[in-house]
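**Q** Let me see the structure of the following:
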Amino acid sequence: MSDERWEIYEKIAQEAVRAFSDLLGISVVEGKQRLLGKSGTSWVVDAKAERLGGGFFVLEFKSGISSGLSQIEMAGIAFAIKDTDANGGILVSVLPPQKGAKLIAQHEGIRFVFLPQESTLEEFVARCMEVFLVKVPSSHFTLSAGFSGEYVQVLEKPEPGN
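**A** Residues are numbered from 1 along each chain as shown. All right, here's what the predicted structure looks like:
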């Protein structure tokens, strides 16, 4: 993956996390930064999100991977969260974590946001828990969807003059 592509993915990931702010309990998403850990080490995090009511979450973005995060990779993220005194974490990835990694994420309060590799700044679909976010150019069509079993409705953009 080219440097430019991962930078674009990180911008899209930040946008998706902002859109899920109510669901995730966050107010502000800040970009890549260094956080000082209690251990004395400095952690470079992909982003940081201010938590509603105080505190913060560490955000990690994973694109260009061929398998979900492993147990040991998730443990590294979990340690960075603890070492920086974060209140939890948010992982945005093109693939779900592996089984052992999911267990660590659940135990440590790390939330997962799915964002496909093919995402662009203009078009993407993201999922957090059971909530979907769809972004498409308004010139294509308008999408209105509910996934609670009540309705799913897609409204196509009318032809000019109709």
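**Q** Output the below-cut-off pLDDT ranges for this protein.
**A** Scanning the chain for pLDDT under 70 picks out the ranges 1-3, 138, 140-162.
**Q** all strands of it, in order?
**A** 26-30, 33-36, 42-45, 47-51, 56-62, 89-93, 110-114, 124-128, 131-135, 141-145, 152-156 (DSSP state E).
**Q** and Ile12, which of the ones you listed is closest to it?
**A** Among the strands of the chain, strand 124-128 comes nearest to Ile12, with 5.8 Å by Cβ to Cβ. To be clear about C-beta, it is placed using only N, CA and C from the backbone, and glycine gets the same treatment.
**Q** List the strands paired with the closest one, with their directions.
**A** strand 110-114 (antiparallel), strand 131-135 (antiparallel) (DSSP bridges).
**Q** mind giving me JSON lines with those and columns for distance to Gly25 and mean neighbour count?
**A** Listed next are the strands paired with strand 124-128 as JSON lines, based on distance: least, Cβ to Cβ, whole Å; neighbours: other Cβ atoms under 10 Å:
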{"stretch": "strand 110-114", "distance to Gly25": "9", "mean neighbour count": "21"}
{"stretch": "strand 131-135", "distance to Gly25": "13", "mean neighbour count": "15"}
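**Q** centroid residue for the chain?
**A** Central residue of the chain (Cα atoms, centre = their mean): Val92, 3.4 Å from the mean position.
**Q** Bridged to that residue, which residues?
**A** If you apply DSSP bridges, the partners that Val92 bridges to are Phe61, Val113.
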